[in-house]
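Asker: could you look at this predicted model? Sequence included:
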Amino acid sequence: MKQFNFTKTQIALCISTVLTAGVSTHIQAQEAEPSQEAQTEQIEVRGIRGSLLRSMNLKRSASGVVDIISAEDMGKFPDTNLAESLQRITGVSVSRSNGEGSQITVRGFGPEFNLITLNGRQMPGTGNTRSYSLENLSSEGVSALEVQKTAQAETPSGGLGATVNVVTTKPLASPGEKYSVSAKGIMDTSNEAGEDITPELSAVYSNTFADETFGVAFSFNHHRRDFQQQSAGIQGWQANVSLPDLDAENVIDARPLDAEGNPSGNYFFPRNMGYTSQDTQRERTNGHLALQYAPIDDLIITLDYTMTNAITGTNSIGWGMWNDYGGNINAYELDENGTVIFADISGNDGSYTATRVTTEVKEKSVGLNFDWQATDNLKLTLDYHDSSSENDNGADEGLGSQGSLVLGSDQLTTKTYDYREGDVPSAEIYWNNGTTELAPGEIDTHFSQFIHSPGKSEIEQLQLDGRWDNTFDIPLVDVKFGIARTEQTMGGSNAWSGLIGGFLFNPSWPEMLPDGMFTRNSTDNFLDAIDGGGADLTPNYYYTFDFDEVVARSEAFLTNDVLGGDDYFATTAYHPMGTYSESSVTEETSSIYIQSLWEFDLANLPMQLNVGVRYEETEVSSSVLQQVPTAVWWKGGSEWHTQYLDGDSNFLQLEGEHDVLLPMFDLKVDLTDDLVGRVSWGKTIARAPLGNLAGGRQLSGSPKIGSRNGSEGNTNLQPFESTNFDLSLEYYYDEGSYAAVGYFRKEVENFIGSQIVSTTIEGFNDIYQGPRWQQAEADLIADGVQATNDAIFAQIQANGSSLNAQGYIEPEAGDPLITWDISRPYNSPETKTVDGIEVAVQHLIGDSGFGVGVNATFVEGDVEFDVDSLTQQTPLTGLSDSANFQGFYEKDGISVKLTYAWRDEYLIGVGQSQGSSDNPPQFAKAFGQWDVSVNYDVDENFTIFFDGINLNNETEQGFGRYKEQFLFARQYGPRYILGARYSFK
């Protein structure tokens with residue numbers, strides 16, 4: 001491979017930029033003869049070195065703060081996943097899904113604050129959100145990723161943190177025939193139920209014809225991965241639950257003492273404790289086709305189509321326990337923060353849950369582009385695209401929904417939660433059989449539920465852009481301008497079967513579940529990479545059983561004749577005991593911008609000034625169809641169910657609007673031939689999450705004590721608006737080598753938070769703490785019986801209240817009204833600030849073949865969550881320090897790359913699914929992962945390669961207010977890939 005003779009002049013820089021510009025949509029690809037003065041030979045530098053050279057040169061020549069990753073070769077991107085590649089960029093870290101990079105956080109701003117575009121076009125989010133999941137897009141056919149961190153008037157709005165543009169292959173930008181085919185075998189060490197080795201096949205082709213006036217490029221990728229996720233989790237933490245009067249020997253309380261010598265401060269108990277083993281098979285097919293035609297020299301017409309089809313099927317077995325408090329608590333230990341680290345609790349049940357779901361994601365984008373050089377100094381571009389993303393969790397042909405079958409028993413004496421040692425809590429159940437192990441013959445059916453929640457996001461966008469090149473003798477270089485019209489729609493529905501098939505083991509049908517259908521398993525190999533998992537976990541066993549067999553037996557036994565009312569078992573989300581709702585949000589945005597580029601000398605220093613402004617108006621409309629809730633009935637224990645008006649639903653229509661003015665400027669100064677300084681200022685926005693814009697009120701269908709929750713939308717939410725300042729210094733000291741340091745500051749207005757309001761709704765009476773409840777509780781205490789919820793349910797009946805035909809106790813007019821905790825998004829009046837430092841070094845060690853890249857980002861701000869306060873807060877999610885390391889050797893046909901990505905502890909979000917009304921937080925622990933890639937060129941065209949991913953078997957862990965408030969731990973294991981690639985140019 002030929003090395004560039006890099007001469008440190010503006011001429012050499014321009015030549016280098018032109019030679020590498022084929023990776024960017026913002027720089028016209030063209031061929032140029034090398035200048036006699038620079039004597040630079042046009043031979044392509046490929047591989048890791050070539051990718052780093054192209055990226056560095058484009059970064060240097062760009063306006064504003066930009067980072068670029070380019071393909072190492074046709075069909076070969078630096079990492080196995082686009083998100084994993086992006087995390088190599090300074091200030092970018094990733095969130096993971098199923099052990100793969102999925103969505104990005106930039107400078108502490110999470111996925112919802114960053115805009116993903118495809119060839120400059122705004123893409124619909126995945127899963128009914130604005131956040132695009134990059135694991136659904138293969139890297140084959142992608143020539144570059146451009147990360148614009150500072151405001152640009154020409155860039156579509158929505159990227160408050162950054163705008164990431166995915167650039168695909170264009171045939172006329174690189175004439176001639178080129179192709180690459182590759183095959184991989186993927187071995188996931190976590191796999192148990194699937195294939196030990198799964199395939200990935202890829203092909204990329206580009207060619208031009210008819211004197212390079214017509215071109216075609218396409219890429220194809222089919223990927224399959226079989227793996228297992230092992231996890232433990234708590235759904236939420238309850239603050240300040242009712243505590244019984246216990247003897248001193250049953251209480252340890254390490255909280256600080258007040259003036260009277262009593263423990264003071266808040267205290268917290270876990271709602272449940274569960275463990276899950278989930279087997280997953282994931283298949284993804286990607287395709288991209290681009291047709292280009294240049295009928296005249298000044299016009300290029302491009303028609304392109306991009307598609308993704310990803311199917312993920314999971315079968316999981318979970319086991320664990322549910323906790324109610326008050327009279328159920330027998331003993332507990334609190335640490336100094338008030339977090340329970342040990343509890344002995346009576347009542348409720350232990351359960352085993354089999355869950356099956358197949359989710360299909362279909363994404364497509366069709367675009368038409370006219371690129372016309374109207375005159376020598378006027379260029380016009382008309383671009384239209386229609387893009388969509390569909391997400392359907394009912395792709396399982398047998399179920400048509402996500403199904404959960406819950407088995408177990410309530411025949412227990414007590415249960416314990418213990419987090420005094422290790423990183424995974426233990427949850428032991430003491431059964432009435434005198435042991436800590438439930439026998440197969442004692443397992444009974446509890447309930448089943450099925451959920452179908454398909455959704456679709458669509459974007460239709462028309463953009464007209466122009467660039468006028470100045471020919472007058474003034475410092476103005478060019479003026480860019482444009483208008484656009486974007487319509488984005490997100491819609492979806494949710495059908496829930498309700499909790500069907502008999503509840504609470506009463507009556508009991510253990511005879512429908514023979515002993516032989518259960519297989520006992522040891523936990524020795526479960527979460528064994530985490531302290532406290534594996535053989536140290538209690539319970540140290542769990543049962544597995546066949547999902548289809550339970551379905552068949554439930555359909556035969558749990559019929560309407562047996563259960564009565566509307567209840568019967570059926571594998572459908574559209575059950576008469578269930579609920580149905582649907583909603584949609586439409587945004588229509590009109591925008592206009594103008595941007596000018598100036599070049600001049602000041603104090604003998606070359607300067608480049610980019611100034612512009614963008615104006616947008618957005619209209620929002622929301623339509624919600626939902627059933628009308630009428631009451632909450634009690635089935636016993638922890639089972640409370642909302643009832644709905646039969647056959648009656650209503651539509652709610654709401655509207656909102658906002659407009660924004662987004663000015664910006666970038667100033668670049670060549671302080672020396674090697675030293676570049678930048679100053680940038682501008683405004684960016686991120687629009688409200690689409691789900692928050694859907695109006696209407698929804699109440700929980702299963703409002704358990706302590707979790708009487710609901711939600712409302714707010715169609716008139718204003719977008720986050722950030723005023724940004726950047727100051728950076730870049731030192732390009734050698735070929736492919738540079739050092740950079742930058743400071744950034746973001747002041748964010750209209751921060752969107754979740755506000756929980758406790759309210760009552762007329763007609764919704766509460767059996768809990770009503771006269772019958774209080775009388776039953778008093779009777780039990782007088783008889784010396786522990787007042788658990790199950791005992792209270794039975795005592796209320798003994799006191800004269802009968803069950804209705806469906807086996808529920810209904811509320812009475814004398815009962816108090818239910819207090820609902822309604823969550824509603826709102827714009828905070830506060831302005832919050834984030835600032836940080838970015839540092840990066842890239843160094844190629846001469847001709848040795850060795851190179852290294854290191855970067856780090858340090859961020860802070862007044863947007864952190866105050867864990868000691870129970871007041872509702874609007875913090876920034878995703879804020880964390882991050883660092884990346886890349887070391888490589890590339891010479892004589894061999895390349896070896898070792899990478900490490902680290903992200904510090906960060907806030908995932910506010911609110912826990914079964915947390916109390918104080919809106920508790922979710923934090924992720926620090927995460928660091930080692931990967932390796934080895935390539936060997938057998939000859940000029942044929943390469944064999946090996947990739948190792950997550951070599952250190954890093955696990956994902958999370959917690960609540962304090963590290964002692966365990967929320968989740970997930971283990972996947974390393975992956976290894978062996979493959980071969982054939983390329984021709």
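Answerer: Thanks, I have the structure now. Residues are numbered from 1 along each chain as shown.

Asker: and stretch 775-783, which residues are buried?
Answerer: Buried residues in stretch 775-783, counted by 16 or more other CB atoms under 10 Å: 776-777, 779-780. For glycine as for every other residue, the C-beta is placed from the backbone atoms N, C-alpha and C.

Asker: tell me how far it is from the chain's mean position?
Answerer: 49 Å (CA atoms, centre = their mean, to the nearest Å).

Asker: now it: average pLDDT?
Answerer: Confidence for stretch 775-783, expressed as mean pLDDT, is 90.

Asker: stretch 383-400: end-to-end distance?
Answerer: With CA to CA, to the nearest Å as the measure, stretch 383-400 spans 38 Å from end to end.

Asker: I meant to write stretch 708-722 there.
Answerer: 36 Å.

Asker: mind putting the buried residues of stretch 775-783 into a markdown table with distance to residue 591 and secondary structure?
Answerer: Below are the buried residues of stretch 775-783 laid out as a markdown table (distance: CB to CB, whole Å; DSSP: H, G, I helix; E, B strand; the rest coil):
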| residue | distance to residue 591 | secondary structure |
| --- | --- | --- |
| 776 | 63 | helix |
| 777 | 62 | helix |
| 779 | 68 | helix |
| 780 | 66 | helix |
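
Asker: among those residues, which one sits closest to residue 741?
Answerer: residue 777 (65.3 Å; CB to CB).

Asker: so what's that closest one closest to, chain neighbours aside?
Answerer: residue 787 (4.7 Å; CB to CB, 6 or more residues apart in numbering).

Asker: one more: residue 852?
Answerer: residue 887 (4.9 Å).

Asker: now that neighbour, which residues is it bridged with?
Answerer: Assessed by DSSP bridges, residue 887 has beta-bridge partners residue 852, residue 898.

Asker: contacting residues for it?
Answerer: 850-853, 897-899 (CB atoms under 8 Å, 6 or more residues apart in numbering).

Asker: just to revisit the earlier point, show the contacting residues for the residue nearest to residue 777.
Answerer: Residue 787 touches 326-327, 776-777, 780-781, counting by CB under 8 Å, 6+ apart.

Asker: secondary structure class for it?
Answerer: With DSSP: H, G, I helix; E, B strand; the rest coil as the basis, residue 787 sits in coil.

Asker: same deal with the one 5 residues further on?
Answerer: Following three-state DSSP, we place residue 792 in the helix state.

Asker: shouldn't it be in contact with residue 773?
Answerer: Yes - using CB atoms under 8 Å as the test, residue 792 is close enough to residue 773 to be in contact (6.2 Å).

Asker: look at these two and report which has more neighbours.
Answerer: residue 792 (27 against 22; other CB atoms under 10 Å).

Asker: could you point out which residue ranges in the stretch 301-450 of the chain have low pLDDT?
Answerer: Applying pLDDT under 70 to the stretch 301-450 of the chain flags no residue at all.

Asker: from residue 707, how far out is the residue lying closest to residue 753 once chain neighbours are set aside?
Answerer: Leaving aside its sequence neighbours, residue 753 sits nearest to residue 874 (CB to CB, 6+ apart; 2.9 Å). Separation of residue 874 from residue 707 (CB to CB, to the nearest Å): 22 Å.

Asker: same question, residue 567
Answerer: In terms of CB to CB, residue 567 sits 23 Å off from residue 707.

Asker: then residue 199?
Answerer: In terms of CB to CB, residue 199 sits 45 Å off from residue 707.

Asker: between those two, which has more neighbouring residues?
Answerer: Neighbours were counted for residue 199 and for residue 707 using other CB under 10 Å; residue 707 has more, 21 against 14.

Asker: the closest residue to the more buried one other than its chain neighbours: what's it in contact with?
Answerer: Distances taken as CB to CB, 6+ apart put residue 914 closest to residue 707, at 5.4 Å, once the chain neighbours are dropped. Neighbouring residues of residue 914 by CB under 8 Å, 6+ apart: 235-236, 238, 271-272, 704, 707.

Asker: tell me which element the residue nearest to residue 699 when sequence neighbours are not counted is part of?
Answerer: Closest residue to residue 699 apart from its sequence neighbours, by CB to CB, 6+ apart: residue 710 at 4.3 Å. Using DSSP states H and E, residue 710 sits in strand 709-712.
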